[in-house]
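Asker: need a 3D model of the following:
(one chain, ligands or ions: 4)
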Amino acid sequence: SFPTDIAKLDYASRYACQRPSPLVCPNQSLAKELDIMRRSRALEGEERSALSYARAISVIKGAHNSRIYGAYPHRITSAHQVSKLPCIGTKIEASVMAYTADRRSQTETILKSERFQALSLFSSIYGIGPTTARKLCSLGLRSLDDLEIYYGVERASQRPSLAQGGDIVESNEGLGDSWIRIALELREDLAIQIPRAEVEEMSRVVMDELDELEPGCVSTIVGGYRRGKSESSDVDIVFTHPDAERVKGLCRRLVRRLHEHGMYNLSGFHGHNPLRNTHWDSLEKALTVFTLPKSSSLHNGIRRRLDLIFAPPEVYWTAVIGWTGSIMFQRDIRQWSKDKLAMKFDSSGITRRYDSKAFYPKTEKEVFDLLRLEWIDPMWRNA
Ligand code: TTP
Ligand code: MN
Ligand code: MN
Ligand code: MN
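Answerer: Ligands and ions are numbered 1, 2, ... in the order given. Sure, this is the predicted structure:
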């Protein structure tokens, strides 16, 4: 179902927040091909190029096989079709042309490259971004074994620290890069996807704990779960309380409580927040690792990534929209607000730029209305 006025949505808009984007589309293999090129650029630190690919992929993924949904109605079989779409530059058009001509992958050399493989592997570890991955690579490390030997066996004094610049600026006092050992140890657990039932159970357990601390809180499970993914790589929950005063400091209190009750599991990262370089918004948040307690019927001992976000009540729906994503959808709400409305949008609030007046929409729909966007159901925000 597509509960909105289809005619007003525009698959050819250059803003992802105006395009209905389903989870899967008929152009998945083309999108996958372009995503390898995007990843390669991102791993090499060519962020602008990576973003161009991400935009192109988003437009192509938004392509949908049914006209009535207003999304791009064709399976892309020629570059000519794509050239009419937004966000497809000549370089990417050439890649599409090459791919659609014979459906043969142009990315084999990338995939075969030892460097690409090592960078992909390292950046798949929680807390390691492209910059750190490149540093590890430049130290001659290529495999997980290399990393384990390097961080497990050798003494700290014998290796150069990664602490200068890059993703990891802070290192734990006196511990050097030892969090990498913990990240390595977490790796297998974090690679296991989380089914929807477990996402819901995690949310229930956390909500019960929160209720003991501060009754009357409300929450929404956001992220990929809310966009309809059958499995998630982490769980994202936005919380608020009708009384703004009660939200302050609640995040820390909840994390302490989860820790005391044996559900919080990231002590080895003390002082190192792997995502501390992403200043998306000013909301109170905790990016944690969580385990369901033994008392839960779904207890499995697997450590899960859990993001807890606390919003004051007046910006709750703004936070819910931002954290529902997708990342591209959120990015383009930001861009749209700036370009068309001279407003500033992020998960922590919406303000008018010329006088900084803040707006406090009372529902999710009111946020769309305020930003003069047509309503798009969360399931269709997979840009
Ligand atoms: P993620 O949890 O990173 O991604 P996801 O839930 O879409 O997909 P996955 O199943 O892989 O977890 O981020 C959720 C949304 O939150 C995403 O749209 C981006 C947004 N976000 C912020 O607004 N601020 C942040 O600091 C981060 C890390 C994400
Ligand atoms: Mn998520
Ligand atoms: Mn994620
Ligand atoms: Mn997350």
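
Asker: run through the residues of the chain sitting next to ligand 1.
Answerer: Neighbours of ligand 1 within the chain, by Cβ under 6 Å from any ligand atom: 223-224, 229, 232-234, 236, 275, 278, 280-281, 322-323, 325-327, 330, 347. Where C-beta positions appear, they are placed from N, C-alpha and C, glycine not excepted.

Asker: contacting ligand 4 as well, which ones from the residues you listed?
Answerer: Residues of the residues of the chain next to ligand 1 in contact with ligand 4 (Cβ under 5 Å from the ion): Asp234, Asp236.

Asker: of the residues of the chain next to ligand 1, which belong to helices?
Answerer: Assignment to helices by DSSP state H places the following of these there: Gly223, Gly224, Gly322, Trp323, Ile327, Gln330.

Asker: Asp346 is in contact with the third one, correct?
Answerer: So the one you mean is Gly322. Yes - between Gly322 and Asp346 a contact is recorded at 6.3 Å, counting by Cβ atoms under 8 Å.

Asker: overlap in contacts, those two.
Answerer: Common neighbours of Gly322 and Asp346 (criterion: Cβ atoms under 8 Å, 6 or more residues apart in numbering): Trp280, Asp281.

Asker: higher neighbour count, the two?
Answerer: Taking other Cβ atoms under 10 Å, Gly322 and Asp346 do not tie; Gly322 has more neighbours (27 against 20).

Asker: skipping adjacent residues, who's closest to that one in space?
Answerer: Counting by Cβ to Cβ, 6 or more residues apart in numbering, Ser347 is the residue found nearest to Gly322 once chain neighbours are left out, at 3.0 Å.

Asker: just the pLDDT for that neighbour.
Answerer: Ser347 is assigned a pLDDT of 97 by the prediction.

Asker: I'd say it and Asp281 touch.
Answerer: Yes - the pair Ser347 / Asp281 is scored as a contact, 3.9 Å apart, by Cβ under 8 Å.

Asker: neighbour count: the two, which is higher?
Answerer: For Ser347 versus Asp281, neighbours defined as other Cβ under 10 Å are more numerous around Ser347 (23 against 19).

Asker: list phi and psi for that one.
Answerer: Phi and psi for Ser347, reported as degrees, to the nearest 10, are phi -60, psi -20.

Asker: if I look at it, how far off is Leu371?
Answerer: Distance, Ser347 to Leu371, using Cβ to Cβ, to the nearest Å: 14 Å.

Asker: which residues in this protein form strands?
Answerer: Using DSSP state E, the strands of the chain run over 194-195, 218-221, 231-232, 235-240, 284-290, 304-310, 343-346, 349-352, 358-359.

Asker: and those strands, which is most packed in?
Answerer: Comparing the strands of the chain by mean neighbour count (mean count of other Cβ atoms under 10 Å), strand 235-240 comes out on top with a mean of 25.
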